[in-house]
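Enquirer: I would like the atomic coordinates for the input below:
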Amino acid sequence: MSAYLVSPEDYRKQRKRLNKRLNKLRHELNLITKDTKDYRSKEKISGINSTDYDSNSKYGLVLLLTAERDNLYALEIKSLLELSNDNVASYKNLMVSKIKRSLQTSQKLLQISSNDASDLKKLELYIYAALAQGQLSVAKKQWAPAITAFSIAKCALDFLYAQLNSKPVEGDQDDEEDVDAFNKTLVNELLDTVVDPSLRLAVSQDDSAGEGSGDLKTISRRHCHDDRLPYLANAIKIIEKTDASFVADIFGSVELIKSVTWRDHEATIYNDEIAFKIMSLTNDEETNWKNFTDANEFDKVITGWTEVLVAHKANVEKNQDDDDIEKVQDRAILLTYINYNLLFTRLKRDLLIIDQLSTANNIENNRDIFRLYNGIISIAQELKDLPGVYNDEDLYQSLENLEKYFTAKKNIVLAESFQYNNRFGEALKIYSFIEHELNTVEDDFYKIDEFPYQVTNNAEFAKFQDNLAKSLLQSHISAQFAFDSTGREKLYTVENLNKYPSHELKDLVNLNSKPRIQPILSKPVLFDVAFNYISYDLGRSSGGSAAPVSSEAAPAAVAAATSAEQEEGKKRGGFFGIFGRS
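Expert: This next block holds a predicted model:
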């Protein structure tokens, strides 16, 4: 509608096309007055009654097209006034008179169609009349009736959109889907371009509408029951007959929260529906999540936070041109708050699924548990990427440790799978790796008091460390026992010179680990075995470097050498000096 009806000329062309269709229909129903003298008393359209409508619904279409023609005329004049200030007063009066005529025709259409069997068709006519009433009230600056009229129109359009979504497809499926898609587009167009802006304007001008509430849905449900426009009250009854929630003022008797606090940041909530849902989701007694034993029970909590997220994003999109920096900041904080709780809700649900799989004591479930832990780790990474988290050192460090914790639990599942398959060496290496990764942990693993939904805490991590130490010790014992029971050759070749390792080099020398050097036992060797068989020729050197001996000293030297040889021979008289000594 807003795509091609922009200029006064566009409205004029559309009005002429509609007038041609109206004249053709009037000829068909014999509603043409040829004698124009004293036309007001002779024209036939004002004489249409409920009997005519019951016999042929085209009589109602005549009134609807007549009202639409006057409405297009009023919109054409309004478009002219936006372009020029000439004759403003006269044009305004003409515009108001055309809107008033359109409203009168709409009211007559409501009267003659009261016996129609289709409630949805009657509701559409009430919507049209409410829009005409709202336009007239805004033009006259009568804000209270305008609020009531547009509130009824908004509630009815919301209800109509829900009915279109739940409508079963009959006949030609493609044609039905095209019609429904067009009707949904029309409803959204009316809400976005006519109803919501007009209702927001009326609320801003009327002090009694309820200050501080920017939620149009809440305002419309609160004021649709006002008795200012009794001829439109039947629209509310039609809606209540099918689904009273679309016109129920559920927030009127409830004291709603005005703000939320996230990590010392307080954000004001400007939407009552969002405030009500957050209040319900954060009420532990109402959600009763602490008593959930089945993961499927958590789905309704996840759905609740998802609905809040969708509603808040839609609210942010509608107010994206807001110049109030404080409101923009509040909406940004609220967005992080909602995402933060939604992600932890998903994390808690996955932990419940893991608990259910673990209690089954089926090793085949470890594959699914491993996959679920991967999903939890991804959620922890998403939490770290939320706006405002990185600047909060305690929270960011806690989320990093949360990721480490669930990574360790994932690796433990892998180690248990290796143990089940008697691969104790691999299991031991995984346990050692986990211990090494968590060895640098400080006293307080988590720097914040608690996480939402109590997913974990420092006491639980301390218990996890104790269990890890026990598992590591048990894995050591199992690996050593498996090693000893295999009958492998000893790795130290020197212990048996006649036995060689039959394994590859990687089994003999582990190049991936730090080498370990240690002493080994060896047989004792007595030094005397070698010493007793060493002789020293002191006087007979073959080389020429010996000092010359004088002729006078020669006999004495020979005698001394002979005496030494005899003494030495006595010492070598037996093995080890035991036998043969004289």
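Enquirer: residue contacts, Q419?
Expert: Contacts here follow CB atoms under 8 Å, 6 or more residues apart in numbering; on that basis Q419 touches 427, 475, 478. Backbone N, C-alpha and C define where each C-beta goes, glycine included.
Enquirer: sorry, that was for S417
Expert: So S417 contacts 363, 366 (CB under 8 Å, 6+ apart).
Enquirer: name the SS class of it, please.
Expert: Secondary structure assignment for S417 (DSSP: H, G, I helix; E, B strand; the rest coil): helix.
Enquirer: now pLDDT, neighbour count and distance to K78 too, for the contacts of Q419, in a markdown table please.
Expert: Formatted as a markdown table, those follow (pLDDT from 0 to 100; neighbours: other CB atoms under 10 Å; distance: CB to CB, whole Å):
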| residue | pLDDT | neighbour count | distance to K78 |
| --- | --- | --- | --- |
| A427 | 85 | 25 | 79 |
| S475 | 82 | 23 | 82 |
| S478 | 81 | 16 | 86 |
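Enquirer: nearest to I354, of those?
Expert: For the contacts of Q419, the minimum distance to I354 (CB to CB) is 19.9 Å, reached by A427.
Enquirer: ok, that closest one touching A479?
Expert: Yes: assessed by CB atoms under 8 Å, A427 is found in contact with A479 at 7.3 Å.
Enquirer: now, which of the contacts of Q419 lie within helices?
Expert: Residues from the contacts of Q419 lying in helices, with DSSP state H as the criterion: 427, 475, 478.
Enquirer: ok, so of the residues you listed, who is nearest A248?
Expert: Using CB to CB, the ones in helices among the contacts of Q419 come closest to A248 at A427, 59.8 Å.
Enquirer: that closest one and D10, how far apart?
Expert: 77 Å (CB to CB, to the nearest Å).
Enquirer: also Y73?
Expert: Separation of Y73 from D10 (CB to CB): 13 Å.
Enquirer: who's more crowded, those two?
Expert: Taking other CB atoms under 10 Å, Y73 and D10 do not tie; Y73 has more neighbours (21 against 15).
Enquirer: nearest residue to the more buried one other than its sequence neighbours?
Expert: Nearest in space to Y73, with sequence neighbours left out and distances taken as CB to CB, 6 or more residues apart in numbering, is K98 at 4.6 Å.
Enquirer: what about that neighbour, how many neighbours?
Expert: 22.
Enquirer: what sits against it?
Expert: By CB under 8 Å, 6+ apart, the residues touching K98 are 70-71, 73-74, 77.
Enquirer: with I379 instead?
Expert: By CB under 8 Å, 6+ apart, the neighbours of I379 are 343, 346-347, 350.
Enquirer: want to try CSV for the contacts of K98, with secondary structure, distance to F150 and pLDDT as columns?
Expert: Formatted as CSV, these follow (DSSP: H, G, I helix; E, B strand; the rest coil; distance: CB to CB, whole Å; pLDDT from 0 to 100):
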residue, secondary structure, distance to F150, pLDDT
D70, helix, 19, 94
N71, helix, 15, 94
Y73, helix, 21, 94
A74, helix, 17, 94
I77, helix, 21, 93
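Enquirer: can you give me the helices for the stretch 101-250 of the chain?
Expert: Applying DSSP state H, counting those that start in this stretch to the stretch 101-250 of the chain gives helices spanning 119-139, 143-165, 173-190, 196-205, 216-223, 233-242.
Enquirer: any idea which of those helices scores lowest on pLDDT?
Expert: Here those differ in mean pLDDT, and the lowest is helix 173-190 at a mean of 81.
Enquirer: buried stuff in that one?
Expert: Buried residues in helix 173-190, counted by 16 or more other CB atoms under 10 Å: 183, 187, 190.
Enquirer: just the closest of those to Q465, please.
Expert: Set against Q465, the nearest of the buried residues of helix 173-190 by CB to CB is V187 (58.6 Å).
Enquirer: where does pLDDT dip in the stretch 451-582 of the chain?
Expert: 484-517, 520-582 (pLDDT under 70).
Enquirer: how does the chain divide into domains?
Expert: With domains defined by automatic domain parsing, the chain comprises 8-35+43-246, 259-485.
Enquirer: export those domains as JSON lines, with columns for distance to P519.
Expert: Formatted as JSON lines, these follow (distance: least, CB to CB, whole Å):
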{"stretch": "domain 8-35+43-246", "distance to P519": "82"}
{"stretch": "domain 259-485", "distance to P519": "22"}
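Enquirer: thinking again about what came up before, what's the closest of the contacts of Q419 to A459?
Expert: For those, the nearest to A459 is S475 (24.7 Å; CB to CB).
Enquirer: all strands of the chain, in order?
Expert: Here the chain has its strands, by DSSP state E, at 259-262, 265-268.
Enquirer: who does the last one touch, helix- and strand-wise?
Expert: Using 3 or more CB pairs under 8 Å, 6 or more residues apart in numbering; DSSP states H and E as the contact criterion, the neighbours of strand 265-268 among helices and strands are strand 259-262, helix 325-359.
Enquirer: deepest of those, which one?
Expert: Mean neighbour count (mean count of other CB atoms under 10 Å) peaks for helix 325-359 among the helices and strands packed on strand 265-268, with a mean of 18.
Enquirer: quick one: average pLDDT of that helix?
Expert: Averaging pLDDT residue by residue across helix 325-359 gives 91.
Enquirer: packing partners of it?
Expert: For helix 325-359, the elements it packs on are strand 259-262, strand 265-268, helix 272-281, helix 299-318, helix 366-384, judged by 3+ CB pairs under 8 Å, 6+ apart.
Enquirer: can you get me a residue count around the closest residue to L232 other than its chain neighbours?
Expert: Excluding its sequence neighbours, the residue lying closest to L232 (CB to CB, 6+ apart) is I152, at 5.2 Å. By the measure other CB under 10 Å, the count of residues near I152 is 30.
Enquirer: quick one: contacts for I152?
Expert: Per CB under 8 Å, 6+ apart, neighbours of I152: 126, 130, 220, 224, 229, 232, 235-236.
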